[in-house]
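>>> Build me a model:
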Amino acid sequence: MSADRHTGRERRHAARAARRRRRTRWLLVVPTVGLLLIVLGVVGLEAIHPQLDDPADRGMVVDAPPLAMEDQRQCLRVADADGLAGEIRDDVPSGGRISSPQVYGCPSAFDGLEVTFVGEAIGEVLRRDGGAWLQVNDDAYALEVGPMVGHREHAGFNTGLSVWLPDGLHESVETVGRPEQRGDVLLLRGTIEQSDPDDGGGITLRADDLEVLADGTRIEPPLHLTQAIVAAVLAVAAFGALIWDRAVRRR
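Numbers count the residues shown, from 1 in each chain. Have a look, this model is predicted:
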């Protein structure tokens, strides 16, 4: 008799343990599946995000003078850095157009050199006594494809130079770039400073002349109708779940 009771208790314990394991398993499976569905949903919505017209058709491609030197040479960790810097200076004529990656690749080659620089005004015009500081980017988003909100495609990294605009120049900058707005595209002529004390020792361009190549323009992102519908359905579902939970608690 006692053996039967002992066997019965073991069976009940085993059954309760099995139920606990099933509940624990579901507590792990349901959140994991839910998280996976959320990730797949986000990726899917991003993949079908509507795009604006071609950047050229929207006036995003800027007509600028060609670069004086097409390649980008690195001299920071080269044994004969001075020799390479000298070669670069020989290849870039006074007033030639340069890019910010070229300057950062070998700052000593451009130190004190009069250059032309083309880029988009972004951020803020930081006014100081005698002029203003401005960040000017010359990456693909600035000169070729426009802000990402309009096309959702990666086109490299943001690159640019810190520019000092004396009084009489910075007043020409009317629009600065933001996530949904391309700023004025500027053609700047001036001198590169490898270690500008007024900018904390950073690399800057001291501008002497400014020309606005393209006025700033706001980018109106296309309506993602599918995303709006999904958001509305999820909001209704969440509201319904909240009402159902309160109703259950009142019982």
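>>> what's the helix or strand G240 falls within packed up against?
Assigned by DSSP states H and E, G240 belongs to helix 225-250. When contacts are defined as 3 or more CB pairs under 8 Å, 6 or more residues apart in numbering; DSSP states H and E, helix 225-250 packs onto helix 2-47. Glycine gets a C-beta too; all of them are placed from N, C-alpha and C.
>>> Any chance you could list what contacts the very next helix or strand once past the helix it packs on?
Using DSSP H and E, the next helix or strand after helix 2-47 towards the C-terminus is helix 81-91. Helix 81-91 has contacts (CB atoms under 8 Å, 6 or more residues apart in numbering) with 68-69, 73, 75, 78, 102, 106, 108-110, 113.
>>> List the buried residues in the helix holding G240.
Neighbour-count burial for helix 225-250, counted by 16 or more other CB atoms under 10 Å, picks out Q227.
>>> can you check stretch 77-92 too?
Buried residues in stretch 77-92 (16+ other CB under 10 Å): 84-85, 88-89, 92.
>>> And those, which is closest to G59?
V92 (29.5 Å; CB to CB).
>>> How is the protein divided into domains?
2-49, 81-218 (automatic domain parsing).
>>> To A235, which of the ones you listed lies closest?
Nearest to A235, of the domains of the chain and by CB to CB, is domain 2-49 at 14.5 Å.
>>> from the domains of the chain, which stretch is densest packed?
domain 81-218 (a mean of 18; mean count of other CB atoms under 10 Å).
>>> just how off-centre is that domain within its chain?
Centroid separation between domain 81-218 and its chain, computed with CA atoms, centre = their mean, to the nearest Å, is 18 Å.
>>> Which parts of the stretch 101-250 of the chain are strands?
114-128, 131-137, 160-166, 181-182, 185-196, 202-214, 217-218 (DSSP state E, counting those that start in this stretch).
>>> now the ones you listed in CSV, with distance to H154 and mean pLDDT?
CSV is the format used below for these (distance: least, CB to CB, whole Å; pLDDT from 0 to 100):
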stretch, distance to H154, mean pLDDT
strand 114-128, 17, 96
strand 131-137, 15, 97
strand 160-166, 17, 97
strand 181-182, 17, 92
strand 185-196, 21, 96
strand 202-214, 22, 96
strand 217-218, 21, 88
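>>> how about those strands in a markdown table, adding distance to L234?
Below are these laid out as a markdown table (distance: least, CB to CB, whole Å):
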| stretch | distance to L234 |
| --- | --- |
| strand 114-128 | 35 |
| strand 131-137 | 37 |
| strand 160-166 | 39 |
| strand 181-182 | 30 |
| strand 185-196 | 40 |
| strand 202-214 | 40 |
| strand 217-218 | 30 |
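>>> For V149, find the nearest of these.
That would be strand 181-182 among the strands of the stretch 101-250 of the chain, by CB to CB, at 8.9 Å.
>>> Now do that closest one: which elements does it pack against?
Using 3+ CB pairs under 8 Å, 6+ apart, strand 181-182 sits against strand 217-218.
>>> neighbouring contacts of the strand it packs on?
59, 175, 180-182.
>>> Tell me the one of these nearest L35?
E180 (30.4 Å).
>>> That closest one: what's it in contact with?
147, 149, 218-221.
>>> run the last query once more with 7 Å
147, 149, 218-219, 221 (CB atoms under 7 Å, 6 or more residues apart in numbering).
>>> same question, V136
Contacts of V136 (CB under 7 Å, 6+ apart): 117, 119-121, 160-161, 163, 186, 188.
>>> got those residues as a markdown table, with distance to A207 columns?
Listed next are these as a markdown table, based on distance: CB to CB, whole Å:
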| residue | distance to A207 |
| --- | --- |
| F117 | 8 |
| G119 | 11 |
| E120 | 15 |
| A121 | 12 |
| G160 | 13 |
| L161 | 10 |
| V163 | 6 |
| L186 | 9 |
| L188 | 5 |
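>>> Chain neighbours aside, what residue packs nearest to P179?
Using CB to CB, 6 or more residues apart in numbering and skipping residues adjacent in sequence, the residue nearest P179 is V149, 5.7 Å away.
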